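With the input below, show me the fold.
(one chain, ligands or ions: 1)
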Amino acid sequence: MRKPIIAGNWKMNKTIAEALAFVDDVKERVNNENVDAVICAPFIALKDLKEATKGTDIKIGAQNMHFEESGAFTGEVSPGMLKEIGIDYVVIGHSERREYFNETNETVNKKVVKALEHGIDPILCCGETLEQREAGETKAHCKIQIEEGLKNVAKEDISKVVIAYEPIWAIGTGKTATAEDANDVISYIREVVAGLYGELAQDVRIQYGGSVKPSNVAEIMAQSDIDGALVGGASLAADDYVKLVNF
Ligand SMILES: O=C[C@H](O)COP(=O)(O)O
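Okay, the predicted model is just below:
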């Protein structure tokens, strides 16, 4: 039985003060024991958020990390630094990182492997552009991203990986894939994982992301293969976040 995971991805939003006010507002209201509720926040707020959510059901994730342990990588944050403050999850290979920061399947894979090595659960993102969707290349594109992203991930670790399917054309646009379409691609992604890990694919949680909001989360979560959501815009408003995790 896969436990659903609803993760807010705040992207480059909220100061530390705003992040703490948000947690203060939602922490008593996040009470769905059947869901893992996560907030993925900017690096600078992570330590404070970990402290502020102690004893609550909210888990904290980063939005990126480097794959090296340390060294001359100006501006980067290492897996050990995240582990030191108890970070639970890390988003890896979000389409915005792939597009604006030149992340490739190869660097994404190194980060996935390194996160697992440090006991941080990676949220591995995949998804197609509008052009790829219109050309009928959605599944082929996701297959490559997943197969390359999971290279060298041991069988013992695969259930710790969360996959987020986010069609790029649905991110921040208000356009959501229909729940059935999203489920179809996600079922296919599970087949791809099964091609690599057999039955263990049934333990891997696969989220949908792209304009998820309180009004559509229940329909999305009702699909057979969708195990959660990675939510951008709607996760920034406290009341909406509470509705999303208590769907
Ligand atoms: O990581 C979250 C996704 O990019 C979705 O963003 P959105 O909910 O604002 O469309």
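
Can you pull the residues of this protein lying near the ligand?
9, 94, 166, 171-172, 209-212, 230-234 (Cβ under 6 Å from any ligand atom). C-beta: built from backbone N, CA, C; applies to glycine.

and the two most separated of those?
94 and 234 (16.3 Å; Cβ to Cβ).

Name the residue in those two with the higher neighbour count.
residue 94 (28 against 19; other Cβ atoms under 10 Å).

Find the residue closest to the residue of the chain found nearest the ligand in space, skipping its chain neighbours.
Nearest residue of the chain to the ligand: residue 232, at 2.4 Å (Cβ to the nearest ligand atom). Among residues not flanking residue 232 along the chain, residue 9 sits closest, at 5.3 Å (Cβ to Cβ, 6 or more residues apart in numbering).

So that neighbour versus residue 114, what's the distance?
Taking Cβ to Cβ, to the nearest Å as the measure, residue 9 falls 20 Å from residue 114.

farthest residue from the center of the chain?
Distance to the chain centre peaks in the chain at residue 72, reaching 27.6 Å (criterion: Cα atoms, centre = their mean).

quick one: secondary structure of it?
Following DSSP: H, G, I helix; E, B strand; the rest coil, residue 72 is assigned to coil.

quick one, phi psi at it?
Main-chain torsions, residue 72, degrees, to the nearest 10: phi -80, psi 80.

and if you look at residue 66?
When read as degrees, to the nearest 10, the backbone of residue 66 gives phi -90, psi 160.

now swap in residue 229 and tell me
Dihedral angles for residue 229 - degrees, to the nearest 10 - are phi -140, psi 150.

Number of residues surrounding residue 138?
Counted with other Cβ under 10 Å, residue 138 comes out at 21.

For it, give me its contacts.
For residue 138, the contacting residues are 128, 132, 167, 185, by Cβ atoms under 8 Å, 6 or more residues apart in numbering.

Run through the helices of this protein in chain order.
16-26, 43-52, 79-84, 95-100, 105-117, 130-134, 138-149, 179-197, 214-221, 238-245 (DSSP state H).

per-residue pLDDT, residue 185?
pLDDT for residue 185: 98.

The one 10 residues further on now?
pLDDT, residue 195: 98.

For it, give its distance to residue 102.
Taken as Cβ to Cβ, the span from residue 195 to residue 102 is 28 Å.

Give me the more crowded residue out of residue 9 and residue 114.
Taking other Cβ under 10 Å, residue 9 and residue 114 do not tie; residue 9 has more neighbours (27 against 21).

where does the chain have its least confident helix or strand?
Every helix and strand of the chain was ranked by mean pLDDT, DSSP states H and E. The lowest is helix 130-134, at a mean of 94.

Could I get the buried residue list for that one?
132-133 (16 or more other Cβ atoms under 10 Å).

ok, now stretch 37-53?
Buried-residue list, stretch 37-53, by 16+ other Cβ under 10 Å: 37-43, 45-50, 52-53.

farthest-separated two in the residues you listed?
37 and 43 (20.2 Å).

What's the local residue count around the residue lying closest to residue 222 once chain neighbours are set aside?
Sequence neighbours aside, residue 179 is the residue nearest to residue 222 in space, at 7.2 Å (criterion: Cβ to Cβ, 6+ apart). The local packing of residue 179 (other Cβ under 10 Å) involves 17 other residues.
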